[in-house]
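**Q** Okay, predicted coordinates and the sequence, questions at the end:
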Amino acid sequence: MKFSALLAAVTLATGAYALPANETVEKRATCSPVTLSGNPFTSRKLFANSHYGDYVKTAAAAITDSTLSSQALKVADVGSFLWLDTISALDTLDGHLKSVPCDQVIGIVVYDLPGRDCAAKASNGELAVGQLSTYKSSYIDALVKIIKANTGTAIVALVEPDSLPNLVTNADLSTCKASKTGYEDGVAYALKSLNLPNVVQYVDAGHGGWLGWNDNLKPGAEELAKVYKAAGSPKNVRGFATNVAGWNAWSKTPGEFENAPDGQWNKAQDEKRYVSLFSAALKTAGFPNYAIVDTGRNAVQGLRDEWGDWCNVNGAGFGVRPTSSTGDSQTDAFVWVKPGGESDGTSDSTANRYDSFCGKADAYKPAPEAGTWNQAYFEMLLKNAIPQF
Ligand code: BGC
């Protein structure tokens, strides 16, 4: 079902609307079983899933400026990751997997750990601390079952954004302390279970302004390696993902925060330098070290008051489109992970999941709940895109 124009107009006026009830998933012919090896993006384009495509098409239809509207439509053709942020998000996965052309690869984000988003509030998830067995059986096992029914689809799985990085730098928070065992066991279970021929896995490693600090590189790499080894060192884990839903430039000298007073303590002043430093630390720790980098929203720099500001940064623009031409032998691909236009968190200070970062001076307001559509923000990303659409 598509939005009616009236419904779209009404809901767009409020700034947010819900997921289209039925996504336009078009199935393709059967593909032969896939066995991936090496960089999965070298010969396969990142699939443009209809979850994002439908949002974008509805958004384009709501734009009255015809030039901007046709530019918006082009965003629907850009490949991006599909976030499996709840158990019920798995309901449409089979259809998505069956719609991926045989020569493309779909990106999925595995994102439903118990006690999710332990150092923030905006993306707290459906599972509470302690619900590890539900995570394993109702989420990971269910996901694996759907994947096993689609051996002809090439899949890149990005495993649990922010989780292990939070255990490194936010270990003193009571919420992260409580989440620790569940995160480590949960991620290990995911890695072990998703070790399938048609899947390649990357584990989230934050960004240069997070694990890139001199003092965080080693503990960060060791945390990832520990969980990977606990999973039995699954052979389809290819490395790590950086800048997921982030804002850092790929390459910029000086880096945005390089001349800040504490800049001397962090050599990872852009994601290129972060990939280089962190991949070296991972090698020492015994973890596979190829990277993918989210360039979905990093076109414009100099917007954040502080490096750690993560919520709906105002003035942002769509960045480099997904490609395996990164010019860096350690970096497999630039990808769009965060679907640009979906919110990072609500700016409504009375909401349950309100996080004060979403009320900061450099955050766009008003903003709806994390994951829901923000039409005005989408239009801003489009206008500020580099390269332009
Ligand atoms: C939200 C998820 C959403 C994802 C992609 C996260 O911040 O918590 O619900 O799927 O962003 O927009």
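**A** Yep, that arrived. Numbers count the residues shown, from 1 in each chain.
**Q** need the contact list for residue 232.
**A** By C-beta atoms under 8 Å, 6 or more residues apart in numbering, the residues touching residue 232 are residue 192. For the C-beta atoms, the positions are set from N, CA and C on the backbone; glycine is no exception.
**Q** and if you look at the one 5 residues further on?
**A** When contacts are counted by C-beta under 8 Å, 6+ apart, residue 237 is found next to 191, 195, 201, 202, 203, 228, 231, 287, 288.
**Q** Max pairwise distance over the residues you listed: which two?
**A** Within the contacts of residue 237, 195 and 287 form the most distant pair, 14.8 Å apart (C-beta to C-beta).
**Q** Please, where are all the helices along the stretch 1-150 of the chain?
**A** 5-14, 50-61, 66-75, 93-98, 132-134, 141-148 (DSSP state H, counting those that start in this stretch).
**Q** I would like the residues contacting stretch 112-119, please.
**A** 84-87, 123-132, 134-135, 139, 160, 162-163, 166, 169-170, 173, 175-176, 178-179, 182-183, 186-187.
**Q** what mean pLDDT would you report for it?
**A** Mean per-residue pLDDT for stretch 112-119: 98.
**Q** Quick one: end-to-end distance for that stretch.
**A** Stretch 112-119 has an end-to-end distance of 15 Å (criterion: C-alpha to C-alpha, to the nearest Å).
**Q** any residue of that stretch up close to the ligand?
**A** No - Stretch 112-119 is not in contact with the ligand by C-beta under 6 Å from any ligand atom; minimum separation 7.1 Å.
**Q** can you pull the buried residues of that stretch?
**A** 112, 113, 114, 115, 116, 117, 118, 119 (16 or more other C-beta atoms under 10 Å).
**Q** Tell me the one among these nearest to residue 312.
**A** Lowest distance from residue 312 to the buried residues of stretch 112-119 (C-beta to C-beta) belongs to residue 117, with 15.2 Å.
**Q** Just list the residues touching the residue minimising distance to the centre of the chain, thanks.
**A** Most central in the chain under C-alpha atoms, centre = their mean is residue 337, positioned 3.8 Å from the mean C-alpha point. Neighbour list for residue 337: 80, 81, 107, 109, 158, 161, 241, 244, 245, 294, 296 [criterion: C-beta under 8 Å, 6+ apart].
**Q** Just give me the neighbour total for the last one.
**A** So that's residue 296. By other C-beta atoms under 10 Å, the residues close to residue 296 number 29.
**Q** sorry, back to before: now the closest residue in space to the residue nearest to the centre of the chain that isn't next to it in sequence: how far from the ligand?
**A** Spatial nearest neighbour of residue 337, excluding adjacent residues (C-beta to C-beta, 6 or more residues apart in numbering): residue 294 at 4.1 Å. To the ligand, residue 294 is 11 Å away according to C-beta to the nearest ligand atom, to the nearest Å.
**Q** related to what we said a few turns ago, the contacts of stretch 112-119: which ones sit near the ligand?
**A** Restricting these to those touching the ligand (C-beta under 6 Å from any ligand atom) yields 85, 123.
**Q** Now restrict the contacts of stretch 112-119 to buried residues only.
**A** 84-85, 87, 123-125, 127, 129, 131-132, 134-135, 139, 160, 162-163, 166, 169-170, 175-176, 179, 182-183, 186-187.
**Q** So which residues on the protein come close to the ligand?
**A** Residues of the chain lying near the ligand by C-beta under 6 Å from any ligand atom: 83, 85, 123, 338, 339, 342, 344, 370, 371.
**Q** Now pLDDT and distance to residue 259 too, for the residues you listed, in TSV please.
**A** Below are the residues of the chain next to the ligand laid out as TSV (pLDDT from 0 to 100; distance: C-beta to C-beta, whole Å):
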residue	pLDDT	distance to residue 259
83	98	35
85	98	37
123	96	31
338	98	27
339	98	33
342	98	32
344	98	27
370	98	32
371	98	35
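**Q** Can you tell me which of the residues you listed lies closest to residue 306?
**A** Nearest to residue 306 among those: residue 344, at 15.3 Å, using C-beta to C-beta.
**Q** For the residue in the stretch 201-350 of the chain positioned nearest to the ligand, list each beta-bridge partner.
**A** Closest approach between the stretch 201-350 of the chain and the ligand, counting by C-beta to the nearest ligand atom: residue 342, at 3.3 Å. As for beta bridges, residue 342 partners with residue 340, residue 373 under DSSP bridges.
**Q** pretty sure it contacts residue 368?
**A** No - here residue 342 does not reach residue 368: they are 9.1 Å apart, not a contact under C-beta atoms under 8 Å.
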